[in-house]
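J.: This is a predicted model, with the sequence first.
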Amino acid sequence: MSDEVTRSKFLSWILRHAPGELHLKTDEEAYVDVASLLENIEKYRPEMKMTFEQLEALVSNNSKKRFAFNFDKTFIRASQGHTIAVAIKYEKVTERFQSDTLYHGTTYENAQKIISSEGIHKGSRHHVHLSSNYNTALEVAKRRRKPYAILCVDAGAMQDDGIEFFISENKVVLVDFVHVKYLKYMDHAVEVAPFIKSLDTSKYRGNGDDVLRCKVTFTPMPKYKPQTDTED
């Protein structure tokens, strides 16, 4: 893992979940003072020490645009994904999505729990995160190196029902909750294996990196039937 990737992961953790670990304070929109951030990294986590120029590079080079400066680069925040108390004013989606389908990447185990319960909850985060791009959701799903799944969400139906969506600075679609009735189908890898050079990869789909896809199955979601109370 490169130094830049290591620093990026560390910065994500601090800005999203644990500014107190570096004795930092955030404002209500999740910004922290850049000078204090760099000073406290050097003081409390010297192995992660970085210059302002290196911090600028982390922000500009991050393909997911996970971090954002304010207008004069004196404050910085994570674009979304916070578990700390914040009140970021995200842009409200006012137009129809170009596609009626959005995607949610997760582990296969979590997907099974989702489709057998009420739907996708935000958990400790402030929103459920969705993507308009399948490959982006796939990257998210594969991070944990476990059997993974992509849940396909009927965003068009959600908009028809008046459900509000927001979008972060780095174009992640945010929503409070996705009811199971809006799940259209699931694409999941039912088996994964660590990459071994001697392994016969002819039966695998994937890029042969850390995790290989063994078999991909498209599973339509059963038609949602709301529970009704019945009298004895």
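T.: Arrived safely, thanks for sending.

J.: what's the helix or strand hosting residue 53 packed up against?
T.: Element membership of residue 53, judged by DSSP states H and E, is helix 52-61. For helix 52-61, the elements it packs on are helix 3-16, helix 34-44, strand 67-69, judged by 3 or more C-beta pairs under 8 Å, 6 or more residues apart in numbering; DSSP states H and E. Bear in mind the C-beta positions are built from the backbone N, C-alpha and C, glycine included.

J.: Among these, which comes closest to residue 53?
T.: Using C-beta to C-beta as the measure, helix 34-44 is the one of the helices and strands packed on helix 52-61 that comes nearest residue 53, at 10.7 Å.

J.: report the angle between the axes of the closest one and helix 52-61?
T.: For the pair helix 34-44 and helix 52-61, the angle between their directions (axes from the mean of the first three to the mean of the last three C-alpha atoms, to 10 degrees) equals 110 degrees.

J.: Show residues contacting helix 34-44.
T.: By C-beta atoms under 8 Å, 6 or more residues apart in numbering, the surrounding residues in contact with helix 34-44 are 14, 21-24, 48-52, 55, 69, 73-76.

J.: Stretch 151-165 now?
T.: Residues outside stretch 151-165 that contact it (C-beta under 8 Å, 6+ apart) are 92-93, 96-97, 99-106, 111, 114-115, 120, 130, 173-176, 178, 182-187.

J.: Helix or strand with the lowest mean pLDDT in this protein?
T.: Using mean pLDDT, DSSP states H and E, strand 211-213 stands out as the lowest-scoring helix or strand of the chain, at a mean of 32.

J.: quick one on the thing from earlier: need the helices and strands packed on helix 52-61 in CSV (columns: mean neighbour count, mean pLDDT and distance to residue 136).
T.: Rendered in CSV, the data for the helices and strands packed on helix 52-61 read as follows (neighbours: other C-beta atoms under 10 Å; pLDDT from 0 to 100; distance: least, C-beta to C-beta, whole Å):
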stretch, mean neighbour count, mean pLDDT, distance to residue 136
helix 3-16, 17, 85, 16
helix 34-44, 15, 91, 27
strand 67-69, 18, 86, 17
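
J.: Of those, which is nearest residue 61?
T.: Put simply, out of the helices and strands packed on helix 52-61 the one that sits nearest residue 61 is helix 3-16, at 7.0 Å, with distance taken as C-beta to C-beta.
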